[in-house]
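Trainee: let me see the structure of the following:
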Amino acid sequence: MRGGSRTGGARITIENLRLFEGYSLAWFADAAARLTAGRSIHDLNEQLVSTIISYVASTAKSVDVVPVPYGGKDLRMTIGAAMETLKKRSTRAVALPSALSIDFAEYVRTAGGSCTTDTGTTKREVFRASEEVVALACIGAWLTRAYMRRGGGEPEEHGYVVVKIPSQLAPLYRRIHRAVLALTRKVITANLGFFPLLVGVSAAVALGVARHAGAVEIIAKNPVTFEYLRLTKSGSGPTAKAVAKGADTIDVSGLARIVGRSGAAGSIYALLSKCPQKGYGNYRSFLQTLTSSLAMYHFYRQPVYIYQALRLLPSTELQREGAALHGARWGQLTMRLKNLSRLVA
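Mentor: Next up is the predicted model:
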């Protein structure tokens, strides 16, 4: 591996970052490349880095944002500092912040040595990265962070999402990503659960590719994956560190095709996007039934799942709550939802 750290461990640089593909550090850096230029970390070069800097400069409303939870000993890098680091192309080796090294154990077994739960070499001593790699990852975290929530006795949680689409559809990245970010924020804030998130993301993808020539054929032959990472902070003071609460990679190609073919993608996205945090129990229950029914239909292709959702539409309580949330548009949305019957016609 090119470039050892001062402790003799791995030195992660822009040149070898692709070798760490899938690790959180590279995941965030890859997102920065995809969401600004439709490229990947395999394509990192001077021109791509310049494109990333230009995009952030034109879109960042504040350069003081710190996009990941930090531990007590972590380097805290704001978006402004990340941009300056990339402009200078700083290759100074730094210890990885805990949010960017969740893939490594706290204590690392090194050549000729050993470790236990309370002794040994820490990962910050072994895995070091050039400052510009950390800056890229911080920009990727800023671009992919859908929400930050705290309260209720639970640790502060940061949620990051990206949908990876085939390279042929790269020009659609930003449009799809904006819709997915907004949808994720709403579904998580409203506490709707897993199926509403999965189906809502699939609807966003279906809407994003709807007018692109040949898109249906492209996603039929190439995976479209929804990747969702949750980080929280563990401990307090100098011992605090960011830890992973969960990480999912889900192929949504098939569900996106089903939702798109139904003609109801726009209605599904609109209904989920309007879900309130409290009250409206019938509306919330309908969304949970609708999305779980679509997921089950995708898995098993049994018409009964579609009819389970459609049978709820005439409910007086649902109609009252839906009209209160959507006004005159509610009638149009429910008419389009009836198009779901196309799936089983």
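Trainee: what pLDDT does the model give Arg11?
Mentor: For Arg11, the model assigns a pLDDT of 87.
Trainee: helix/strand/coil for it?
Mentor: strand (DSSP: H, G, I helix; E, B strand; the rest coil).
Trainee: hang on, isn't it packed against Val133?
Mentor: No - the criterion here is Cβ atoms under 8 Å, and Arg11 misses it with Val133 at 9.7 Å. Heads up, the C-betas are built off the backbone N, CA and C, glycines and all.
Trainee: among these two, which residue is more densely surrounded?
Mentor: Val133 (32 against 20; other Cβ atoms under 10 Å).
Trainee: and that one, helix, strand or coil?
Mentor: helix.
Trainee: so what's it up against?
Mentor: Ile12, Thr13, Ile14, Leu17, Leu25, Ala29 (Cβ atoms under 8 Å, 6 or more residues apart in numbering).
Trainee: just the pLDDT for it.
Mentor: According to the prediction, Val133 has pLDDT 97.
Trainee: mind checking the SS state of Asp248?
Mentor: Classified using three-state DSSP, Asp248 is strand.
Trainee: and it, how close does it get to Tyr300?
Mentor: Noted for Asp248: a distance of 21 Å to Tyr300, by Cβ to Cβ, to the nearest Å.
Trainee: ditto for Met335
Mentor: 27 Å.
Trainee: okay, now the unreliable bits of this structure?
Mentor: 1-10, 107-120, 123-124, 151-152, 345 (pLDDT under 70).
Trainee: can you give me the helices for it?
Mentor: 24-37, 46-59, 79-88, 123-126, 131-144, 173-189, 194-209, 215-221, 253-262, 265-273, 281-300, 303-310, 316-326, 329-337 (DSSP state H).
Trainee: got those helices as TSV, with distance to Gly153 columns?
Mentor: Below are these laid out as TSV (distance: least, Cβ to Cβ, whole Å):
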stretch	distance to Gly153
helix 24-37	26
helix 46-59	35
helix 79-88	30
helix 123-126	29
helix 131-144	25
helix 173-189	17
helix 194-209	22
helix 215-221	41
helix 253-262	34
helix 265-273	27
helix 281-300	23
helix 303-310	34
helix 316-326	30
helix 329-337	36
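Trainee: compare those helices and give me the one nearest Pro155.
Mentor: Nearest to Pro155, of all the helices of the chain, is helix 173-189, at 14.8 Å by Cβ to Cβ.
Trainee: run through who's touching that closest one.
Mentor: With Cβ under 8 Å, 6+ apart, helix 173-189 has contacts from 34-35, 38, 143-144, 146-147, 149, 159, 161-163, 165, 193, 196-197, 200-201, 203-205, 207-209, 226, 228, 269, 272-273, 275, 277.
Trainee: which parts of it are buried?
Mentor: Under the neighbour-count criterion of 16 or more other Cβ atoms under 10 Å, helix 173-189 has 173-174, 176-177, 179-188 buried.
Trainee: residues contacting the most centrally placed residue in the chain?
Mentor: By Cα atoms, centre = their mean, the chain has its centre lying nearest to Val161, at 0.4 Å. Contacts of Val161 were listed using Cβ under 8 Å, 6+ apart, and they are Thr144, Ala146, Val180, Leu181, Thr184, Val201, Phe226, Glu227, Tyr228, Leu229.
Trainee: the third one and Glu125, how far apart?
Mentor: When Cβ to Cβ is the yardstick, Val180 and Glu125 sit 37 Å from each other.
Trainee: do the first one as well
Mentor: Look at Thr144 and Glu125: by Cβ to Cβ, they are 28 Å apart.
Trainee: more neighbours: which of the two?
Mentor: Thr144 (26 against 17).
Trainee: make TSV from the buried residues of helix 173-189 and add distance to Arg89 to it.
Mentor: Shown next, in TSV, are the buried residues of helix 173-189 (distance: Cβ to Cβ, whole Å):
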residue	distance to Arg89
Tyr173	25
Arg174	25
Ile176	31
His177	26
Ala179	34
Val180	31
Leu181	29
Ala182	34
Leu183	36
Thr184	33
Arg185	34
Lys186	38
Val187	39
Ile188	36
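Trainee: tell me the one of the residues you listed nearest Arg320?
Mentor: Lys186 (21.5 Å).
Trainee: look up how far Gln277 lies from that closest one.
Mentor: 9 Å.
Trainee: before we move on, what about Ile79?
Mentor: Taking Cβ to Cβ, one finds Ile79 at 28 Å from Gln277.
Trainee: ditto for Asp103
Mentor: Distance from Asp103 to Gln277, by Cβ to Cβ: 33 Å.
Trainee: out of those two, which sits in the busier spot?
Mentor: Ranked by neighbour count (other Cβ under 10 Å), Asp103 and Gln277 place Asp103 first, with 17 against 11.
Trainee: that one contacts Ser24, doesn't it?
Mentor: Yes - with contact defined as Cβ under 8 Å, Asp103 reaches Ser24; the gap is 5.7 Å.
Trainee: picking that back up, ok, and the most crowded of the contacts of Val133?
Mentor: Most surrounded of the contacts of Val133: other Cβ under 10 Å gives Ala29, at 33 neighbours.
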